[in-house]
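Asks: based on what follows, work out the 3D shape:
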Amino acid sequence: MKTAAKGDQSLLQDPSALSLGASALYVLVAIASALAFREARTRGDREWQARAFAGLCVLFLLLAASRITGAEDWLRDSLRTWLRSQDRYRERREVQSLAGAAVIVAGAAISSAWFYRTVRNRRSRRGIAAMIALGSGGGMILLIILRMISFHPIDRLLYGFKFNWVIDIGTSLAVLGAALYCIRRPDPRR
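Replies: Numbering: from 1, shown residues only. This is a model prediction of the structure:
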């Protein structure tokens, strides 16, 4: 498979070692999520817990495929090409700043509501682990959205200080840990 040249809009690219490593982590998280899904079904946990881990399994499989194929980069480059073709590339900063602010505010609001709901509705230990896994999956989705918006000040924070890696790896490991906890932890209160 050839590496896509600069400006080439082909989807498939040779993945870097970093992308392959991230994909391997995502597949590991997907496997753990699938096993947590199976355990939730077997143990008779609440239906939302099983659905949560099924959704996380799908999310991390999609993330692995995206990393291997370079789909995220391709989509971001395609959006830039479209903006240039519409002669709106110079105006992109206004849209990016508004979109970035909206994503951050929405993410903060959703996270706050999620935290409040988790604390307020005391759940079983596996239920709390499933909530942590879902919240971490949501954090990963927000990170991807922020990377797609590609607003310079946000990019500087994400890539300049390596917060991109910290958030990416951290949320993946949080989902992995929560899934493993749900697989291994007997919880008499379900």
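Asks: who are the contact partners of the residue nearest the centre of the chain?
Replies: Against the mean C-alpha coordinate of the chain, by CA atoms, centre = their mean, the closest residue is M140 at 2.5 Å. Taking CB atoms under 8 Å, 6 or more residues apart in numbering, we find M140 in contact with L59, L63, I167, D168, T171, S172, V175. Every residue, glycine included, has its C-beta placed from N, CA and C.
Asks: so how far is S85 from it?
Replies: As judged by CB to CB, to the nearest Å, M140 and S85 stand 31 Å apart.
Asks: go on, S111?
Replies: 36 Å.
Asks: try S66
Replies: Counting by CB to CB, the gap from S66 to S85 is 24 Å.
Asks: more neighbours: the two, which one.
Replies: S66 (19 against 9; other CB atoms under 10 Å).
Asks: what about A64, how many residues nearby?
Replies: So A64, with other CB under 10 Å, has 21 neighbours.
Asks: grab the nearest non-local neighbour of it.
Replies: Y26 (3.9 Å; CB to CB, 6 or more residues apart in numbering).
Asks: who's in contact with the one you found?
Replies: Per CB under 8 Å, 6+ apart, neighbours of Y26: F60, L61, L63, A64, R67, S172.
Asks: buried ones only from those residues, please, as a PyMOL command.
Replies: The following PyMOL line selects those of the contacts of Y26 that are buried, judged by 16 or more other CB atoms under 10 Å:
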select buried, resi 60+61+63+64+67+172
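Asks: between the contacts of Y26, which sits nearest L146?
Replies: L63 (14.8 Å; CB to CB).
Asks: please give the element, helix or strand, for that closest one.
Replies: helix 47-69 (DSSP states H and E).
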